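Peer 1: Whatever this is, show me its structure:
(2 chains)
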Protein chains: 2
Amino acid sequence: MGKDYFSNRMTVRNFSDRRVPDHVLTDIIERAMRAPTCGNMQLYSVIVTRESAMKSRLSAMHFNQPASTGSDVILTICADFQRFSRWCELSAATPCYNNFHSFISALTDAVIFSQQIVTIAEMEGLGTCYLGTVNYNAADISSLLELPDMVVPVASLAIGYPICDERQVERLPVEAVLHFEKYRHDTDEDLLSLFRAKEEFPDNKKFIKENNKPSLASVFTDIRYPKEMNEKVSHEFIQLLRDKKFL
Amino acid sequence: MGKDYFSNRMTVRNFSDRRVPDHVLTDIIERAMRAPTCGNMQLYSVIVTRESAMKSRLSAMHFNQPASTGSDVILTICADFQRFSRWCELSAATPCYNNFHSFISALTDAVIFSQQIVTIAEMEGLGTCYLGTVNYNAADISSLLELPDMVVPVASLAIGYPICDERQVERLPVEAVLHFEKYRHDTDEDLLSLFRAKEEFPDNKKFIKENNKPSLASVFTDIRYPKEMNEKVSHEFIQLLRDKKFL
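Peer 2: Modelled structure (predicted):
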């Protein structure tokens, strides 16, 4: 496993009906809590959603994407400075973590923890899928899960036993992301060549055709992650950070 | 390895003089690029610092903490929407990722990628340490590494072969971070009991005494992560996001 697992892993969006036992889930989470954390503050929480009515409501907030509706469990991982701040208040200390930097610290902690859950779960034979939609309806998700102040959802994971019908998708060559000593400022030509294999990947060519777009890039800018949506989500997410007392 | 590694892992701050071969480093990074990523956009870059003069300058920006000065290599992992945006511009598409939501997406991608590097490196026998100080001098680090617009450092990793003289530190019990269906709103008493083992941990007791503080919590609020510093870093980091065109 070890070496090969990392090179061969892939996201799973199709799950079997097999249930993930509670003790397996708890064991994965407990082991993931050994992940690195800022000052050992463990600025995260995870909410398990598996009860049927809750799962339907939560899936709707993830636009009922099949990875969500078809998974056995959804984990919502939150940036959480509430537990730590309350402990401070109850311990002769005056916490001051209602600021942007503290949110970023908690977000980083929560994402490190999420990725540790992913790796452990996948090594145990489970499949996982990050639901990027967590940011799109973060306020509704917060209400549904009854998140208090200073707790904000930042990662959602659909988890279950996989139906293995997926193929690995393409990735950029390592040169694209790896820089030595200073950030390498590529020429236009060099930059385009880093994306060539991506553009040649058959599924991406299909993608362009299906969406009737002039280029793969325009599928991203016009359909998948367009300006209006990015700006709307930005606005709403900043408002949520204010409502939750981080700003 | 597999199962035990995750439960037994710990951060390493003391490194031997043994050099991490370049091909080992590149191999780890390439395998980490199979980590999950938002829409397969791979919104991250990593800058390797190992050349002596650059390493001294970068370490100074991390307050010359021993984990930094004593490591063989420092990796600075950046949230990077520059590469993707340039590709869009060169491909008949109009990118619009200069907003807060897009920064959070790139930050999340970069942290997932960082944690994948940590896990692979540690499983290969290397030691790693996140340098939380990356946020404190993010603007200086950006200048040193010549980061362009839409590239912001979000995680720093000191890496090298470990001198194994460390002990595992304490963690909260799994109940502290694990919630079922809805966020559990603990009573004061229940919350304090979750932190009891932490307060009883010998190193933490020593920590209180050394700092001459009334409680462990007040070591955090008054010394390690005080209000003035959190607010200063918040202000500067928001300014950097503006300078780098994310806001």
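Peer 1: now chain A, which segments are flagged as low pLDDT?
Peer 2: A:1-3 (pLDDT under 70).
Peer 1: Show me where it has its strands.
Peer 2: Here chain A has its strands, by DSSP state E, at A:44-49, A:73-80, A:127-130, A:151-160, A:178-180.
Peer 1: so can I have TSV of those showing mean neighbour count?
Peer 2: No exception for glycine: its C-beta is placed from N, CA and C like everyone else's. Putting these into TSV (neighbours: other Cβ atoms under 10 Å in any protein chain shown) gives the following:
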stretch	mean neighbour count
strand A:44-49	25
strand A:73-80	26
strand A:127-130	26
strand A:151-160	26
strand A:178-180	18
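Peer 1: Tabulate those strands (JSON lines), appending distance to A:Tyr97.
Peer 2: As requested, these are exported to JSON lines (distance: least, Cβ to Cβ, whole Å):
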{"stretch": "strand A:44-49", "distance to A:Tyr97": "14"}
{"stretch": "strand A:73-80", "distance to A:Tyr97": "10"}
{"stretch": "strand A:127-130", "distance to A:Tyr97": "26"}
{"stretch": "strand A:151-160", "distance to A:Tyr97": "12"}
{"stretch": "strand A:178-180", "distance to A:Tyr97": "33"}
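Peer 1: closest to B:Glu231 out of those strands?
Peer 2: strand A:73-80 (18.1 Å; Cβ to Cβ).
Peer 1: Indicate each strand paired with that closest one and its parallel or antiparallel sense.
Peer 2: strand A:44-49 (antiparallel), strand A:151-160 (antiparallel) (DSSP bridges).
Peer 1: ok, residues contacting the first one?
Peer 2: Right, strand A:44-49. The contact list for strand A:44-49, computed with Cβ atoms under 8 Å, 6 or more residues apart in numbering or on different chains, reads A:25, A:29, A:37, A:55, A:58, A:73-80, A:83, A:106, A:109-110, A:113, A:117, A:145, A:151, B:177-183.
Peer 1: sorry, back to before: can I get the strands paired with strand A:73-80 in TSV including distance to B:Leu172?
Peer 2: Below are those laid out as TSV (distance: least, Cβ to Cβ, whole Å):
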stretch	distance to B:Leu172
strand A:44-49	10
strand A:151-160	15
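Peer 1: now for the ones you listed, which one comes closest to B:Leu90?
Peer 2: It's strand A:151-160; of the strands paired with strand A:73-80, that one is closest to B:Leu90 (Cβ to Cβ) at 31.4 Å.
Peer 1: how about the closest one as PDB, C-alpha atoms only?
Peer 2: Extracted in PDB, the C-alpha atoms of strand A:151-160 (Å, rounded to 0.1, in the frame of the first residue of the first chain):
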ATOM      1  CA  VAL A 151     -17.600  27.800  14.400                       C
ATOM      2  CA  VAL A 152     -17.800  27.800  10.600                       C
ATOM      3  CA  PRO A 153     -18.000  24.800   8.200                       C
ATOM      4  CA  VAL A 154     -15.000  24.700   5.900                       C
ATOM      5  CA  ALA A 155     -14.800  21.200   4.500                       C
ATOM      6  CA  SER A 156     -17.500  18.500   3.700                       C
ATOM      7  CA  LEU A 157     -16.600  14.900   3.100                       C
ATOM      8  CA  ALA A 158     -18.900  12.300   1.600                       C
ATOM      9  CA  ILE A 159     -17.800   8.900   2.800                       C
ATOM     10  CA  GLY A 160     -18.800   5.300   2.000                       C
END
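Peer 1: now that strand, how far from the chain's geometric center?
Peer 2: 6 Å (Cα atoms, centre = their mean, to the nearest Å).
Peer 1: Not counting residues beside it along the chain, what's closest to A:Pro173?
Peer 2: Distance criterion Cβ to Cβ, 6 or more residues apart in numbering or on different chains; nearest residue to A:Pro173, sequence neighbours excluded, is A:Leu194 at 6.3 Å.
Peer 1: just checking, that neighbour touches A:Asp186?
Peer 2: Yes - in this structure, A:Leu194 is within contact of A:Asp186 by Cβ atoms under 8 Å, at 7.4 Å.
Peer 1: quick one, longest helix in chain A?
Peer 2: Determined from DSSP state H, the single longest helix within chain A is helix A:100-123.
Peer 1: follow-up on the earlier one: now do the contacts for the residue nearest to A:Pro173.
Peer 2: Contacts of A:Leu194 were listed using Cβ under 8 Å, 6+ apart, and they are A:172-173, A:175-176, A:186, B:83, B:87.
Peer 1: Tell me who's in contact with A:Asp243.
Peer 2: A:Ala139.
Peer 1: roughly how far apart are it and B:His235?
Peer 2: A:Asp243 sits at a distance of 21 Å from B:His235 (criterion: Cβ to Cβ, to the nearest Å).
Peer 1: got the angle for the longest helix of chain A vs strand A:73-80?
Peer 2: Compare the direction of helix A:100-123 with that of strand A:73-80 by axes from the mean of the first three to the mean of the last three Cα atoms, to 10 degrees and you get 150 degrees.
Peer 1: re earlier: for B:Thr128, find the nearest of the strands paired with strand A:73-80.
Peer 2: Taking these one by one with Cβ to Cβ, strand A:44-49 is closest: 19.2 Å.
Peer 1: which phi and psi does A:Ala92 have?
Peer 2: As for A:Ala92, its main-chain torsions (degrees, to the nearest 10) stand at phi 60, psi 40.
Peer 1: likewise A:Val12?
Peer 2: Per degrees, to the nearest 10, the backbone of A:Val12 is at phi -110, psi 130.
Peer 1: OK, contacts around the residue of chain A positioned farthest from its centre?
Peer 2: In terms of distance from the mean C-alpha position of chain A, A:Ala92 ranks first, at 35.6 Å (Cα atoms, centre = their mean). By Cβ under 8 Å, 6+ apart, the residues touching A:Ala92 are B:214-215, B:217-218.
Peer 1: Could you find which two of those are furthest from each other?
Peer 2: Pairwise over the contacts of A:Ala92, using Cβ to Cβ, the maximum falls at B:Pro214 and B:Ala217, 8.9 Å.
Peer 1: between those two, who's got more neighbours?
Peer 2: More crowded of B:Pro214 and B:Ala217, by other Cβ atoms under 10 Å in any protein chain shown: B:Ala217, with 25 against 12.
Peer 1: Check the gap between the more buried one and B:Ile47 for me.
Peer 2: Relative to B:Ile47, B:Ala217 is positioned 36 Å away (Cβ to Cβ).
Peer 1: Before I go, just wanted to say thanks for your time.
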